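>>> Got a predicted model here, sequence first, then my questions.
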Amino acid sequence: MKLANISMNTLHLKASICHSASINLPGSKSISNRILLLAALAENTSEIHDLLDSDDTHYMLKALMNLGVKIEYLAAEDKKSSLNIRVYGCKGKFPQKQADLFLGNAGTAFRPLTAVLAILGGEYYLHGVARMHERPIGDLVEALQLAGAVIEYKGQTGFPPLQIYPTRQTRNKHISVKGNVSSQFLTALLMALPLTGKAYTIDVCGELISKPYITITLKLLKQFGIQVKHKDFQTFQLPAGQHYHAPPQIFVEGDASSASYFLAAGLISGKPIRVNGIDAHSIQGDIAFIHELEKIGAHVHWGEQFIKISRCSDQPIQPFDIDANHIPDAAMTLAIVALACKETCHIRNIASWRVKETDRIEAMTTELRKLGAHVMATEDSISITPPAKLQADVHIQTYDDHRMAMCFSLVSLLGTSVYIDDPQCVNKTFPEYFKAFTGMCTPI
């Protein structure tokens, strides 16, 4: 896959020391876009607080408004990167039966909207940026066609853009979907099929990756009145006669994936770093990232709506060998933590990195090698051996991938200055990231 060109817009992060800090997290992207769609489909009005204010949620908000959903912006509190809104549910049917929807590179908007619009029927054109058109969606389309959806590929077969047409009358009540490419396909089906009012059985073919993201979906569906039974995440049963009813007030958790960079900073530096907005009761799978940090030397304090991490200065960071299938996003942060170890580290079972905002295995391999690391990559793993001394003043290409930019900012805490190209790509999920990160650092 050809990776993007380097942008002329660059942020220079000088070699820095980290000091104790308390960070307020933006809302979870995964939760925010799920809640937005569920609230829009509900039979009642609801208020959503601490919604993530970022590119991905803007694409979902704009799409819902183009579909005729009434959304009001409420007075905001003194929180960066968050919104408070009121959503007037459309009772399971969007008022607009025709729309042209541009969804950027927001997978958490594109996949569920594809399913919902295909099940409801209408004439909808869904498209995004060039990278979105490289991200596979064929497994979801095939599953939706079993349920009567009529979908046409407008470019390469198996990939967006998509044209959706009115549904066929015949519906197969037993649907299968592949689970080894993206958990978002199953999430999309689970969110869309209750709109039919019919009972469905969904079988997952092969290994289901990123199960914690399905857990998020199931817990949010329950909050909106939808019951789903499953057997070992392989067979899912949706009873008939269900409909969406939103809680009157909904509060979005802080983003656990975004927390990973600050918590890793606490491990690397040894300074106490506190993140506010999540705790041990989080419904997000990336909360498991903290347990991985504990295994390699982090001291963790679990509080009420916060987590604090530090490390004893005389305790080295331990090398690791991790199956990261359950934390694919946060695992990227571990690739940078590996540079602080003295031995080779392995991150396995991450094939999903290949179909994210960029090919993250290829991108991570390329940029780590620039720093002098020895990197071995396979289709679903990466092994990293840190150099005796990191290369300084390296330009890190970010490939329009927010997590590449945020991960590699941590290099500046390893005694090495670094340039982050196209730093505004963090607007996808955390527009205030570099302000928060540099605010807890002092250049050496």
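Looks like it arrived, so ask away.
>>> can we go C-alpha only for contacts and neighbour counts from here?
OK.
>>> Just the CA trace of the host helix or strand of Leu64, in PDB.
In the assignment (DSSP states H and E), Leu64 maps to helix 55-66. Extracted in PDB, the C-alpha atoms of helix 55-66 (Å, rounded to 0.1, in the frame of the first residue of the first chain):
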ATOM      1  CA  ASP A  55     -13.800  15.400  13.200                       C
ATOM      2  CA  ASP A  56     -15.400  11.900  13.400                       C
ATOM      3  CA  THR A  57     -18.300  13.000  15.500                       C
ATOM      4  CA  HIS A  58     -18.800  16.100  13.300                       C
ATOM      5  CA  TYR A  59     -19.200  13.700  10.300                       C
ATOM      6  CA  MET A  60     -21.900  11.700  12.200                       C
ATOM      7  CA  LEU A  61     -23.700  14.800  13.400                       C
ATOM      8  CA  LYS A  62     -23.800  16.300   9.900                       C
ATOM      9  CA  ALA A  63     -25.000  13.100   8.400                       C
ATOM     10  CA  LEU A  64     -27.800  12.700  11.000                       C
ATOM     11  CA  MET A  65     -28.900  16.300  10.300                       C
ATOM     12  CA  ASN A  66     -28.800  15.700   6.600                       C
END
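>>> next SSE after it?
Next in sequence after helix 55-66, counting helices and strands by DSSP H and E, comes strand 70-73.
>>> With just CA atoms, put the helix or strand following that following strand into CSV.
Scanning forward in sequence from strand 70-73 by DSSP H and E, the next helix or strand is strand 82-88. What follows is the C-alpha trace of strand 82-88 in CSV, where atoms were taken according to Å, rounded to 0.1, in the frame of the first residue of the first chain:
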residue,chain,number,x,y,z
SER,A,82,-16.7,18.1,24.4
LEU,A,83,-20.3,19.0,23.4
ASN,A,84,-23.7,18.9,25.0
ILE,A,85,-26.6,18.3,22.7
ARG,A,86,-30.3,17.5,22.6
VAL,A,87,-31.3,14.9,20.1
TYR,A,88,-35.0,14.5,19.0
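>>> re the thing from before, list the buried residues for the helix holding Leu64?
Neighbour counts over helix 55-66 (16 or more other Cα atoms under 10 Å) mark 55-64, 66 as buried.
>>> One more: stretch 346-357?
Neighbour-count burial for stretch 346-357 flags 346-357 (criterion: 16+ other Cα under 10 Å).
>>> Equivalent analysis for stretch 372-387, please.
Buried, per 16+ other Cα under 10 Å, within stretch 372-387: 372-373, 375, 377, 381-387.
>>> Out of those residues, the closest to Gly92 would be?
Among these, Ser381 lies closest to Gly92 (Cα to Cα), at 41.4 Å.
>>> I'd guessed Val141 sits against Ile151; true?
Yes. Between Val141 and Ile151 there is a contact under Cα atoms under 8 Å: 7.1 Å.
>>> And the two? Which one has more around it.
Each of Val141 and Ile151 has its neighbours counted (other Cα atoms under 10 Å); Val141 has more, 25 against 22.
>>> Am I right that that one is in a strand?
No. Per DSSP: H, G, I helix; E, B strand; the rest coil, Val141 lies outside any strand segment and is helix.
>>> so what's it up against?
Val141 is in contact with 151, 158, counting by Cα atoms under 8 Å, 6 or more residues apart in numbering.
>>> Next one: it from Tyr153, what distance?
As judged by Cα to Cα, to the nearest Å, Val141 and Tyr153 stand 9 Å apart.
>>> Thank you kindly, that will do.
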